[in-house]
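Visitor: Attaching a predicted model along with its sequence, questions to come.
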Amino acid sequence: MNVPVTKSRTWMERHVALVVVLLVGVIGVTLVLCAGGLAAMVFHLMRSSPAYTMAMRRLNEEPAIMRRLGEPIEPGWLMTGNVSTSGETGRANMRIPLKGAKESAEVFIEAVKLAGQWKLTYLEVRFENDEAGKRVVIVGDSEQ
């Protein structure tokens with residue numbers, strides 16, 4: 001009498017679904033880490049720009065802003081904008097969230113680089129809890 005021989009399946013054949021889920025998970029985590037690393041690099045480059053450092057220094061010299069926000073003032077991590085340079089010229093536009101001990105705000109920055117020197121052309125603070133929507137323009141034309 002012949003007994004049918006059944007071939008035993010390998011571990012991989014028995015656990016295909018698990019392997020697929022693990023593979024998709026590893027790829028997903030890798031993509032998230034790469035995107036996070038790229039975002040961190042971009043934020044670092046923006047924060048190390050002369051336009052950013054000039055604007056933050058100028059804000060810290062404004063007693064009315066410091067009183068209203070409350071010290072310490074910390075920039076938020078999700079800033080937007082762009083900085084572009086080409087040799088001796090450049091332009092920067094940024095929006096930076098700020099958080100103080102008392103209140104939060106957003107800072108809007110415009111700066112230009114001419115002959116190798118950066119200059120703030122516009123610096124505005126908008127407070128989060130200001131129902132009147134008052135803007136405090138520190139540098140530039142308040143009609144912009």
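Guide: Nice, thanks for sending it over.

Visitor: shaky segments in this protein?
Guide: 1, 132-133, 142-144 (pLDDT under 70).

Visitor: Report the contact partners of the residue nearest the centre of it.
Guide: Nearest to the geometric centre of the chain sits residue 78, at 3.3 Å (C-alpha atoms, centre = their mean). Contact analysis of residue 78 by C-beta atoms under 8 Å, 6 or more residues apart in numbering lists residue 97. C-beta coordinates here come from the backbone N, C-alpha and C atoms, glycine included.

Visitor: Can you tell me the element it falls in?
Guide: In the assignment (DSSP states H and E), residue 78 maps to no helix and no strand.

Visitor: Same check on the one 5 residues further on?
Guide: When elements are defined using DSSP H and E, residue 83 is found to belong to strand 80-86.

Visitor: Show residues contacting that strand.
Guide: 45-46, 49, 51, 90-95, 109, 113.

Visitor: swap in stretch 89-97?
Guide: 46, 49, 51-52, 55, 75-76, 78-84, 104-114, 118.

Visitor: Sitting in helices, which of the contacts of strand 80-86 do you find?
Guide: 45-46, 51 (DSSP state H).

Visitor: domain ranges for this structure?
Guide: Following automatic domain parsing, one gets these domains for the chain: 1-48, 49-139.

Visitor: what's the most buried one of these?
Guide: When you average the neighbours per residue for each of the domains of the chain (mean count of other C-beta atoms under 10 Å), domain 49-139 leads with a mean of 15.

Visitor: thought residue 126 was touching residue 104?
Guide: No: using C-beta atoms under 8 Å, residue 126 is not in contact with residue 104, being 10.0 Å away.

Visitor: Distance from stretch 106-119 to the middle of the chain?
Guide: 18 Å (C-alpha atoms, centre = their mean, to the nearest Å).

Visitor: Report the separation between the residue lying closest to residue 111 once chain neighbours are set aside and residue 58.
Guide: Spatial nearest neighbour of residue 111, chain neighbours left out: residue 51 (3.7 Å); criterion: C-beta to C-beta, 6 or more residues apart in numbering. Distance of residue 51 to residue 58, given as C-beta to C-beta, to the nearest Å: 11 Å.
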